[in-house]
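J.: sequence and predicted structure, then a few things I'm wondering about:
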Amino acid sequence: MTYHGAIIDERLMTDHEYAYAKKVVAGHRYLFWFLMGSGVITFCLGAGLPIAFSMDTLTLDWIGFSLIAFLTLAPMMAGIWMFWLGYKRRVRFDPRVSIIRGILTIRKKRVPSNAGVVNYVNEYYIGNALLHGPPGSYDLLEKLNSHVIEAHALFLRMSPPLNLGKRYKGIDEALLFNLKDRDNASDLINLDGAFEKYGRKVFKRQARRFNLLSLPPMLLSLGLAFYFIVKFELFTFWALLGIMVISIIAGGLMYELLDYLYKKLRKGLDPDSQSLTPEEILKG
């Protein structure tokens, strides 16, 4: 697949953009430490298995011995690989922001689930850059598919690359800071302006609000489902399905009610407050 795009200029990062980039890089480094720790735990689990069996008086035939050897070596090798993956990985970002002009392209990425179902997530490209937009930007990027855009992006340099598949050969990952549509002269995304106007913790505040308002509906849904199942002993497939649907609807209605009351309360406490959508926040 061909991606159309070219770097037309560069500029320096603003203070807000630099702070945002440092947080993203710090998140990647925490992931690397997590991989290393998980590798050590996995290795120890594999190494501890033969020690545990040696303390028991079991007589194993060759099949049992082979099984124990596999259950020992497989976790140990997996642990070594996970530790190496975290230890060897490095991440940094370019000192300057690249201004890229081209066609925004969406690609589907297969994401297998534990249930055996294959899900798909969208990835957003301009040229050879895989764009990682700020929180709340992906609905906007969906609308701009196949549009000619101008993006201000900061390239991340990872070694080895975060994505090891062949589909990512020659692809560089980049943080999206600014975005303009060819048909719209104003910024559709202006990360520096958003932080300047609403503060650097605006996305964290939005996430906390959503999580706080989502907790009571989730507890209500679980409580309703548990009550009906235990009270009326409904264990058939259709009964469980009906209870699940009713519980989800009740939780959704409760969330909408809480969201409405929250906005009313906030408006009463601060008449100048505004309920902004993610797209409005990103414009800055």
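T.: Done, it's in.
J.: so Arg107 is in which element?
T.: For Arg107, the enclosing helix or strand under DSSP states H and E is strand 105-112.
J.: so which residues of this protein form helices?
T.: 15-54, 62-88, 138-143, 191-198, 202-232, 237-269, 278-283 (DSSP state H).
J.: looking at those, spot the one closest to Ala174.
T.: With C-beta to C-beta as the measure, helix 15-54 is the member of the helices of the chain nearest Ala174 (10.5 Å). For the C-beta atoms, the positions are set from N, CA and C on the backbone; glycine is no exception.
J.: what's that closest one packed up against?
T.: Packing partners of helix 15-54 (3 or more C-beta pairs under 8 Å, 6 or more residues apart in numbering; DSSP states H and E): helix 62-88, strand 90-93, strand 148-159, strand 172-181, helix 191-198.
J.: Asp15 is nearest to which of those?
T.: Across these, closest to Asp15 is helix 191-198 (C-beta to C-beta), at 8.4 Å.
J.: if you skip the residues just before and after it, what's nearest to Ser146?
T.: Distance criterion C-beta to C-beta, 6 or more residues apart in numbering; nearest residue to Ser146, sequence neighbours excluded, is Ile103 at 6.2 Å.
J.: you'd agree that neighbour is up against Ile126?
T.: Yes: using C-beta atoms under 8 Å, Ile103 is in contact with Ile126, at 7.0 Å.
J.: those two - which one has more neighbours?
T.: Between Ile103 and Ile126, Ile126 has the larger neighbour count (other C-beta atoms under 10 Å), namely 26 against 18.
J.: and that one, how close does it get to Arg11?
T.: Noted for Ile126: a distance of 17 Å to Arg11, by C-beta to C-beta, to the nearest Å.
J.: which parts of stretch 66-85 are buried?
T.: Judged by neighbour count (16 or more other C-beta atoms under 10 Å), stretch 66-85 contains these buried residues: Thr72, Pro75, Met76, Ala78, Gly79, Met82, Phe83, Leu85.
J.: ok, the closest residue to the fifth one other than its chain neighbours to Thr72 distance?
T.: Of all residues not flanking Gly79 in the chain, Phe43 sits nearest, at 3.0 Å (C-beta to C-beta, 6+ apart). In this structure, Phe43 and Thr72 are 11 Å apart, going by C-beta to C-beta.
J.: repeat for His28
T.: The value you get for His28 to Thr72, if C-beta to C-beta is used, is 32 Å.
J.: do the same with Ile189
T.: 51 Å.
J.: and what of Pro271?
T.: Counting by C-beta to C-beta, the separation of Pro271 from Thr72 is 67 Å.
J.: dump the residue contacts of the closest residue to Gly102 other than its chain neighbours.
T.: Excluding its sequence neighbours, the residue lying closest to Gly102 (C-beta to C-beta, 6+ apart) is Gly5, at 2.4 Å. Residues in contact with Gly5 (C-beta atoms under 8 Å, 6 or more residues apart in numbering) are Ile100, Arg101, Gly102, Ile103, Tyr125, Ile126, Gly127, Asn128, Ala129.
J.: go with 7 Å
T.: Ile100, Arg101, Gly102, Ile103, Ile126, Gly127, Ala129 (C-beta atoms under 7 Å, 6 or more residues apart in numbering).
J.: restricted to strands, list those residues.
T.: Among those, the ones falling in strands (DSSP state E) are Ile100, Arg101, Gly102, Ile103, Ile126, Ala129.
J.: my guess is the first one meets Ile7, correct?
T.: Yes: A contact is recorded between Ile100 and Ile7 when judged using C-beta atoms under 7 Å, the distance being 5.4 Å.
J.: looking at those two, which is more packed in?
T.: Taking neighbours as other C-beta under 10 Å, Ile100 and Ile7 compare with Ile100 leading, 23 against 15.
J.: now Pro50: how far from Phe43?
T.: Counting by C-beta to C-beta - Pro50 and Phe43 are separated by 13 Å.
J.: please consider this matter closed, and thank you.
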